[in-house]
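# using only what follows, build the 3D model:
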Amino acid sequence: MPNSVLHIKGTSKNPEIDFKPGFLTIEGRSIPENAILFYEPIIDWIEKYLQHPEALTKVNIKIEYLNSSSNRFLYNILKMFDDAYMAGSNIVVNWYYEEDDDTMRSTGLDFQSLVSLPYRLIPIED
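Numbers count the residues shown, from 1 in each chain. As a prediction, this is how the structure comes out:
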């Protein structure tokens with residue numbers, strides 16, 4: 001697993017997933033027709049990764065829009081990182097949102113309130 005990567009090309013419905021040990025990015029729209037099918041390999045990869053994480057793991061989330069089932073999976077992913085952080089792993093989450101997108105800013109704040117790990121909200125200028 002140390003050199004394992006996971007890359008899933010983004011579509012109009014699925015976010016781009018670019019996971020390398022120590023640097024994980026989720027970017028785009030997340031409205032998959034079958035969220036379980038889409039997110040299952042991502043959850044599996046993270047579970048394996050967190051058994052032997054890098055000294056620092058940066059998680060960059062740049063979601064434009066997500067539906068309720070994606071919201072649940074994203075929370076589960078953040079909870080996995082939060083649990084690892086609470087167990088001693090060095091993990092930082094960066095939540096990027098368009099400066100004028102109050103919905104995604106609010107979603108980022110909601111997630112931030114549910115975890116203990118270092119979590120920054122970063123506005124992106126248009």
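# immediately after the helix or strand hosting V59, which helix or strand?
Under the criterion DSSP states H and E, the helix or strand holding V59 is strand 57-66. In the C-terminal direction, the helix or strand that comes right after strand 57-66 (DSSP H and E) is helix 68-86.
# E33 contacts K13, doesn't it?
Yes: assessed by C-beta atoms under 8 Å, E33 is found in contact with K13 at 6.7 Å. Placement of C-beta: from N, CA and C, glycine included.
# how near is the residue nearest to H7 when sequence neighbours are not counted to D100?
Ranked by C-beta to C-beta, 6 or more residues apart in numbering and with sequence neighbours excluded, the top spatial neighbour of H7 is D18, at 5.6 Å. Distance, D18 to D100, using C-beta to C-beta, to the nearest Å: 25 Å.
# tell me the SS of T11?
Three states are possible here, and by DSSP: H, G, I helix; E, B strand; the rest coil the one that applies to T11 is coil.
# that older thread, of D18 and D100, give the one with the bigger neighbour count.
It is D18, of D18 and D100, that has more neighbours when counted by other C-beta atoms under 10 Å, with 17 against 11.
# quick one on the thing from earlier: who's more crowded, E33 and K13?
Neighbour count, other C-beta under 10 Å: between E33 and K13, K13 has more, with 14 against 9.
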